[in-house]
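[1] dropping the sequence and predicted coords here.
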Amino acid sequence: MPSFKIDTSTAVVFVATPPTPKLVSKQTGEIAIDRETGAPLATVGLLVADEGEGNLYQVTVPNTGVPDNLAPGTPVTVVGLKARDWENTFNGQTRHGISFRAVAVTPLGA
């Protein structure tokens with residue numbers, strides 16, 4: 001499925017939830033790995049405010065693009081943010097949504 005670039009150049013972006021490992025399975029605790037780089041993946045909650053509207057996004061980022069000191073409330077820059085729609089069927093139930101992925105999330109001014 002195609003992905004779409006998201007322009008955050010005019011947005012204000014803050015960390016809403018700190019990075020946590022992205023799990024393949026909660027039962028096994030296996031951490032997801034980036035297919036391109038082999039780096040473990042993390043998920044960080046970002047509040048993106050633009051044009052009078054704010055949204056919370058859970059964004060997947062390789063660990064190599066997430067500094068250790070990201071805390072809630074930290075203003076950040078998001079590098080390479082993309083959105084992709086998804087759909088899967090499990091146990092006869094179809095689910096769908098939009099996933100968000102970035103190359104890096106860095107504290108503003110870093």
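    Thanks, I have it.

[2] burial of T94, as a residue count?
    Counted by other C-beta atoms under 10 Å, the residues lying close to T94 total 8. (Glycine included, C-beta is placed from N, CA and C.)

[3] check Q93 and give its pLDDT.
    pLDDT for Q93: 91.

[4] so what's the residue count around it?
    The burial count for Q93: 7, using other C-beta under 10 Å.

[5] cool, the one 5 residues further on as well?
    For I98, the neighbour count with other C-beta under 10 Å is 10.

[6] ok, it touching W86?
    Yes - between I98 and W86 there is a contact under C-beta atoms under 8 Å: 7.3 Å.

[7] residue contacts, the spatially most central residue of the chain?
    The chain has V59 as the residue nearest its centroid, 1.0 Å off, counting by C-alpha atoms, centre = their mean. Applying C-beta atoms under 8 Å, 6 or more residues apart in numbering, one finds that V59 lies in contact with 43-46, 78, 81, 100-102, 105.
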